[in-house]
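>>> Attaching a predicted model along with its sequence, questions to come.
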Amino acid sequence: MASQLSILILAAGKGTRMYSDRPKVLHQIGGQSMLSRVIDTALQLKPAFIGAVIGHGREQVKAETHRPVQWIEQVEQLGTGHAVACALPYLPQDGITLVLYGDVPLIDTHTLQAMIAASDNGKNTVLLTDTLDDPAGYGRIVRENNGHIVRIVEEKDALPEEKTICEINTGIMVLPTHKIAEWTSQLKNANAQGEYYLTDVIALSVANHIPVIGVALPQHHLAAGVNNKLQQAELERIFQREQADNLMKSGVTMADPNRFDLRGTLKCGKDVWIDINAVFEGECVLGNRVQIGANCVLKNVQIASDTVIKPFSHLENCVVGNNAQIGPFARLRPDTVLSDNVHIGNFVEVKKSTVKENSKINHLTYIGDSDIGANTNIGAGTITCNYDGVNKFRTEIGDNVFIGSNTLLVAPVKVGNNATTGAGSVITKTCPENELTVARAKQITLSGWVRPVKK
């Protein structure tokens, strides 16, 4: 029978090298905070208990991390061993405890499952180790001649011969839960940092005749921590490239997978093509043969098959039908729903509106809080005046309507089927079906008028 699994995530550090007012663990990788990513990975292991030890900016961390964890406060940051000791009142009395870190965002479940298996239901202490060409700055794994791990020595406390060891401690470990209280009570802070190192429990495990097993890290970045903005950017690119690779393996074509950002989820049909610098946020779904132009930003969108999103277009919380043409330089705002074969052109903004099939809004236009029928053409420079400073009103435009250029539609207003508005009109009343409506001031010429000139 498998041991009960508890997980502790250490996330109390200030992160002074980030040079930021935000707690370090709230800085993001792939659109989510590092701490949220670690918690989500931990939850996949289905632990009986999961706790996060927080300190610096703890109220902000709790407020911004909407995850089902037990928050544990470390008022004074006295080291990793002290952080684990702070969690003792919350930990179960038996099973095994996996220790993770809130600033190690790319750790994966496969590696953690290998560590859990190596613990053999708590008979062993397990360390996740890595081997680096340049191990400077990391705690070294010290082994006996028979290969057994006996202790970890931190860089600042290492002897010259110990600094030549290339196998390093990642900090991630599995401990027999029933020994944690005993071991953390024996930790000393007689070291260069004056802290209580959790790594010192390795020597205590050996002294208690509990073997220490090393599990080798399959890829360096999985246990890479973030201490500054440079390391954050490096992990961001690794994370994004992995996502791009997975999409390409599933059939997506990318102009350059190194210039791609996914900050959420992206589901694609067949023969999808994505140009450079496209950014996807939230939950996005692309149908078959969708094309995404360069420098587009899409957030929480559903794009049906054969639609083309041209460069520099921004779409958010909207639905686009089949075979539509959007952009370039178009903006679709939340609650926009476009049917099949709709054209939205350059410098057109659509907000909280529905546009039925085969309608076109091609130039320099704002459509807000509107319902537009099928086979309708909206001329350049059209504006739906939907806001009176307090309330929003809707505009209704029927099927087969032709809206002349530079028309202002003052909501609430209705334009009937097959109606036409003259260019430059200000429409404030219902436009009847099958009729031309013109609402513009009479043109006059003032004879003898002299244009002012500068003295």
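Arrived safely, thanks for sending. Note that the structure is predicted; figures quoted are calculated from it, not measured. Numbers count the residues shown, from 1 in each chain.
>>> could you give the mean pLDDT of stretch 236-254?
Stretch 236-254 shows an average pLDDT of 98 in the prediction.
>>> and if you look at stretch 143-160?
On average, stretch 143-160 scores 89.
>>> For the remainder of this discussion, apply numbering that starts at 122.
Done: numbering now begins at 122, and the last item shifts to stretch 264-281.
>>> How about residues contacting it?
Identification of contacts with stretch 264-281 by C-beta atoms under 8 Å, 6 or more residues apart in numbering yields 248, 257-263, 283-284, 288, 290, 312-314, 318, 320-321, 323-324, 327, 332-335. In short, each C-beta sits where N, CA and C put it, glycine included.
>>> number of nearby residues for N367?
Counted with other C-beta atoms under 10 Å, the neighbours of N367 add up to 12.
>>> helices and strands around the longest helix along the chain, which ones?
Ranked by number of residues, the top helix in the chain under DSSP state H is helix 350-370. When contacts are defined as 3 or more C-beta pairs under 8 Å, 6 or more residues apart in numbering; DSSP states H and E, helix 350-370 sits against strand 149-150, strand 374-375, strand 381-389.
>>> before we move on, the earlier item: so of the contacts of stretch 264-281, which ones are in strands?
L248, R261, I262, V263, E288, N290, V333, I334, G335 (DSSP state E).
>>> Just the buried subset of the contacts of stretch 264-281, written out for PyMOL, thanks.
A single PyMOL command selects the buried members of the contacts of stretch 264-281 (16 or more other C-beta atoms under 10 Å):
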select buried, resi 248+259+260+261+262+263+283+288+290+318+320+321+323+324+327+333+334+335
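>>> Please tell me how far the closest residue to C439 other than its chain neighbours sits from I482.
Take C439 and drop its neighbours on the chain: the residue closest to it by C-beta to C-beta, 6 or more residues apart in numbering is T457, 4.0 Å away. Note on T457: its distance to I482, by C-beta to C-beta, to the nearest Å, is 11 Å.
>>> Now do the longest helix of the chain against strand 381-389, angle only.
If you take axes from the mean of the first three to the mean of the last three C-alpha atoms, to 10 degrees, helix 350-370 sits at 30 degrees to strand 381-389.
>>> roughly how far out does helix 350-370 sit from the chain middle?
The chain centre lies 12 Å from the centre of helix 350-370; the measure is C-alpha atoms, centre = their mean, to the nearest Å.
>>> residues of that helix that come out buried?
Buried-residue list, helix 350-370, by 16+ other C-beta under 10 Å: Q353, L356, E357, I359, F360, Q361, E363, Q364, A365, L368.
>>> Also stretch 543-554?
With burial defined by 16+ other C-beta under 10 Å, the residues of stretch 543-554 counted as buried are G543, G545, S546, I548, C552.
>>> so where do the helices sit in the stretch 222-371 of the chain?
With DSSP state H, counting those that start in this stretch, the ranges of helices along the stretch 222-371 of the chain come out as 230-239, 298-306, 322-328, 350-370.
>>> mind checking the end-to-end distance for stretch 569-576?
20 Å (C-alpha to C-alpha, to the nearest Å).
>>> Surely L356 is in contact with I150?
Yes. Assessed by C-beta atoms under 8 Å, L356 is found in contact with I150 at 5.7 Å.
>>> Just name the shakiest helix or strand of this protein by mean pLDDT.
Taking mean pLDDT, DSSP states H and E as the measure, the chain has strand 270-274 as its least confident helix or strand, at a mean of 92.
>>> gap between V327 and L248?
For V327, the distance to L248 (C-beta to C-beta) stands at 12 Å.
>>> between the two, what contacts are shared?
Shared contacts of V327 and L248, defined by C-beta under 8 Å, 6+ apart, comprise I270, V333.
>>> can you list the domains in the protein?
126-344, 350-558 (automatic domain parsing).
>>> Figure out which of those is closest to V571.
Judged by C-beta to C-beta, the one of the domains of the chain that comes nearest to V571 is domain 350-558, at 26.5 Å.
>>> So A501 versus I447, what's the distance?
Taking C-beta to C-beta, one finds A501 at 17 Å from I447.
>>> what about these two, which has more around it?
Using other C-beta under 10 Å, the more surrounded residue of A501 and I447 is I447, with 27 against 19.
>>> quick revisit: find the residues that touch each one of L356 and I150.
Taking C-beta under 8 Å, 6+ apart as the contact criterion, the residues that touch both L356 and I150 are P226, L227, V347.
>>> top of these by neighbour count?
Top of the shared contacts of L356 and I150 by neighbour count (other C-beta under 10 Å): P226, with 29 neighbours.
>>> Common neighbours of T457 and I482, please.
Taking C-beta under 8 Å, 6+ apart as the contact rule, T457 and I482 both touch V471, V476.
>>> rewinding a little: report the two of the ones in strands among the contacts of stretch 264-281 separated the most.
Farthest-apart pair in those is R261 and I334; separation 17.1 Å (C-beta to C-beta).
>>> Tell me where the model's unsure across the stretch 472-576 of the chain.
The model of the stretch 472-576 of the chain has no residue with pLDDT under 70.
>>> Could I get the full set of helices for it?
Under DSSP H, counting those that start in this stretch, the stretch 472-576 of the chain gives no helices.
>>> before we move on, which element is N467 in?
If you go by DSSP states H and E, N467 is part of strand 464-472.
>>> Partner strands of that strand and their direction?
According to DSSP bridges, strand 464-472 has the following sheet partners: strand 446-447 (parallel), strand 452-453 (parallel), strand 481-489 (parallel).
>>> okay, these in TSV with distance to R272 next?
Shown next, in TSV, are those (distance: least, C-beta to C-beta, whole Å):
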stretch	distance to R272
strand 446-447	61
strand 452-453	60
strand 481-489	67
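>>> And the ones you listed: which comes nearest T137?
Closest approach to T137 among the strands paired with strand 464-472 (C-beta to C-beta): strand 452-453, 39.8 Å.
>>> wait, which of the strands paired with strand 464-472 is closest to D396?
Judging the strands paired with strand 464-472 by C-beta to C-beta, what sits closest to D396 is strand 446-447, at 13.7 Å.
>>> mean confidence for the closest one?
Regarding strand 446-447, the rounded mean pLDDT is 98.
>>> who touches that strand?
With C-beta under 8 Å, 6+ apart, strand 446-447 has contacts from 428-431, 434, 436, 441, 453, 459, 463-466.
>>> before we move on, the earlier item: deepest-packed of the strands paired with strand 464-472, please.
Comparing those by mean neighbour count (mean count of other C-beta atoms under 10 Å), strand 452-453 comes out on top with a mean of 24.
>>> Following the chain onward from that strand, which element is next?
Following strand 452-453 in sequence order, the next helix or strand is strand 457-459 (DSSP H and E).
>>> What pairs with that following strand, parallel or antiparallel?
Counting by DSSP bridges, the strands paired with strand 457-459 are strand 435-441 (parallel), strand 475-476 (parallel).
>>> Run the chain-centre distance for the shortest one.
Just to be clear, that refers to strand 475-476. That offset, for strand 475-476, works out to 29 Å (C-alpha atoms, centre = their mean).
>>> which other residues reach that strand?
With contacts defined as C-beta under 8 Å, 6+ apart, strand 475-476 is touched by T457, V458, L459, S460, V463, I465, I482, I488, S491, D492, I493.
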